[in-house]
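Visitor: Based on what follows, work out the 3D shape:
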Amino acid sequence: MKKTIVALLLFTLVASSCEKDDICLEPTTPKLILRFYDNNNPTDTKTVQRLSVWAANKDTLTGYKSISTDSIALPLDINATQTIYHLKRNTVSGNKINNEYATITINYAKEEVFVSRSCGFKILFNSVNFSINNDWIQTVTPANDVSINDETKAHAQVFH
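Guide: Numbers count the residues shown, from 1 in each chain. Next up, the predicted model:
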């Protein structure tokens with residue numbers, strides 16, 4: 001009988017001292033979502049052929065090497081207030097001579113937001129501004145004062 005009471009008491013102490021597992025189910029720092037549109041028909045999306053994307057002084061982003069897509073999600077540097085991406089497309093044949101390049105410079109203000117004990121903090125990007133140096137992108141709208149706080153819709157439209 002004493003062994004049963006001691007075992008039950010020990011089990012109760014162990015069970016009550018356990019902490020709840022913290023699992024982060026909240027979204028993390030959002031990525032910048034760019035959607036590509038036809039410059040001649042601004043309401044229609046337009047696929048970019050053989051698109052490759054890389055950050056300045058970095059390798060090509062995984063998943064964005066010679067693909068055809070009408071939108072991309074790009075991570076912004078949380079340790080800086082500016083991120084530069086290079087975009088290369090080839091609409092003709094895939095030969096290097098037909099490559100067209102664009103550089104998008106993204107400037108932003110960072111806001112650190114506490115999510116939860118399990119997730120910690122995430123970064124939101126405010127006052128986002130775009131500048132373009134390129135061969136093929138006509139314009140980005142809106143060009144300034146964009147806020148990136150989720151990944152539910154495109155943050156900017158790229159016309160080409």
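Visitor: tell me the contacts of the residue nearest to the spatial centre of the chain?
Guide: The residue lying closest to the centre of the chain (Cα atoms, centre = their mean) is residue 31, at 1.8 Å. Going by Cβ atoms under 8 Å, 6 or more residues apart in numbering, residue 31 touches 73, 74, 75, 76, 148, 151. Just so you know, the C-beta spots here come from the backbone N, C-alpha and C atoms, and that holds for glycine as well.
Visitor: biggest separation within those residues, which pair?
Guide: Of all pairs drawn from the contacts of residue 31, the greatest distance, 12.1 Å, lies between 76 and 151 (Cβ to Cβ).
Visitor: Which of these two has more residues huddled nearby?
Guide: residue 76 (21 against 15; other Cβ atoms under 10 Å).
Visitor: what's the spacing between the residue nearest to residue 75 when sequence neighbours are not counted and residue 43?
Guide: Closest residue to residue 75 in three dimensions, ignoring its sequence neighbours and counting by Cβ to Cβ, 6 or more residues apart in numbering: residue 31, at 5.1 Å. For residue 31, the distance to residue 43 (Cβ to Cβ, to the nearest Å) stands at 25 Å.
Visitor: before we move on, what about residue 53?
Guide: Residue 53 is 25 Å from residue 43, by Cβ to Cβ.
Visitor: Just checking: what are the partner strands of the lengthiest strand in the chain?
Guide: Ranked by residue count and defined by DSSP state E, the top strand of the chain is strand 100-116. Here strand 100-116 has these sheet partners by DSSP bridges: strand 82-89 (antiparallel), strand 120-134 (antiparallel).
Visitor: Using TSV, please lay out these together with mean neighbour count, mean pLDDT and distance to residue 69.
Guide: Output for the strands paired with strand 100-116, formatted as TSV (neighbours: other Cβ atoms under 10 Å; pLDDT from 0 to 100; distance: least, Cβ to Cβ, whole Å):
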stretch	mean neighbour count	mean pLDDT	distance to residue 69
strand 82-89	20	95	10
strand 120-134	16	94	18
